[in-house]
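# Build me a model:
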Amino acid sequence: MRIASATAAADVTEGVAMPEGADSPVMSADVEWFTAIVREHSTALVRYFARRGPRQDAEDLAADVFVTAWRRRDDVPREAVLPWLYRTAGFTLANHRRKHIDLPVDEVPEAGAVRVADDPELSALFDAELRGALASVGERDRQILLLHAWEGLDGAELAEALGISRSGADAALSRARKRLREAWGERMSF
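Sure thing, here's the model as predicted:
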């Protein structure tokens with residue numbers, strides 16, 4: 001399914017069971033809302049996935065997020081659609097990555113260092129020192145930093161994407177920045 005096409009909303013809704021009375025004014029409003037969010041946010045979602053995984057999967061993963069948005073349209077906060085989409089994209093990407101990793105339970109690593117070595121997010125960054133500093137902070141800190149830096153989320157949007165309060169998001173971003181500064185400082189003091 002190609003998200004970039006103008007008919008993306010229709011394509012996504014085709015695979016979703018439409019409720020009784022789909023031609024009702026309420027359903028029509030849902031379709032209009034959905035079409036608008038696909039047009040407004042499809043590029044951002046495709047970029048989100050392209051930065052974090054194989055580019056050939058980016059549009060399909062974005063389409064999966066939009067299918068989820070359609071199915072859960074009553075749960076999507078109208079005032080914070082993009083952060084909700086990013087949060088859902090994070091879950092979708094995690095599920096996608098799990099599909100491709102066959103690890104027996106006794107071989108599951110205790111820390112994320114093994115996955116970081118082949119992480120597209122880190123390989124997209126060119127500075128080896130920055131890659132090393134980002135690799136040394138925790139997975140959640142890195143997620144927060146990249147949502148802020150790459151996706152431009154700040155304040156309330158970051159809180160919505162993380163599923164926490166605004167003050168919690170501000171504090172998490174502050175802590176993540178501090179840990180990155182410390183990791184950077186440790187790497188630069190040789």
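
# Name the residues of the longest helix seen in the chain that come out as buried.
In the chain, ranked by residue count with DSSP state H as the criterion, the top helix is helix 25-52. Burial within helix 25-52, assessed by neighbour count using 16 or more other Cβ atoms under 10 Å, is assigned to 30-31, 33-35, 37-38, 41-42, 45-46, 48-52. For the C-beta atoms, the positions are set from N, CA and C on the backbone; glycine is no exception.

# excluding its backbone neighbours, what's nearest R177?
Spatial nearest neighbour of R177, chain neighbours left out: L145 (7.2 Å); criterion: Cβ to Cβ, 6 or more residues apart in numbering.

# My guess is that neighbour contacts A176. True?
Yes - with the criterion set as Cβ atoms under 8 Å, L145 and A176 qualify as a contacting pair; they are 5.1 Å apart.

# ok, these two, which is more surrounded?
Set side by side, L145 and A176 give different neighbour counts by other Cβ atoms under 10 Å, the larger being at A176 (21 against 18).

# contacting residues for the more buried one?
Shown in contact with A176 (Cβ atoms under 8 Å, 6 or more residues apart in numbering): V137, R140, D141, R142, I144, L145.

# so which of those is the most crowded?
The member of these that has the most neighbours, counting by other Cβ under 10 Å, is I144 with 25 neighbours.

# If I look at that one, what pLDDT would I see?
The pLDDT attached to I144 in the predicted structure is 90.

# any common contacting residues for L145 and A176?
Common contact partners of L145 and A176 (Cβ under 8 Å, 6+ apart): V137.

# separation between G138 and L145?
Here the distance between G138 and L145 works out to 10 Å (Cβ to Cβ, to the nearest Å).

# What of V38?
28 Å.

# Okay, helices next: where are they in this protein?
Here the chain has its helices, by DSSP H, at 8-14, 25-52, 55-71, 81-99, 113-116, 120-123, 128-136, 139-149, 155-162, 166-188.
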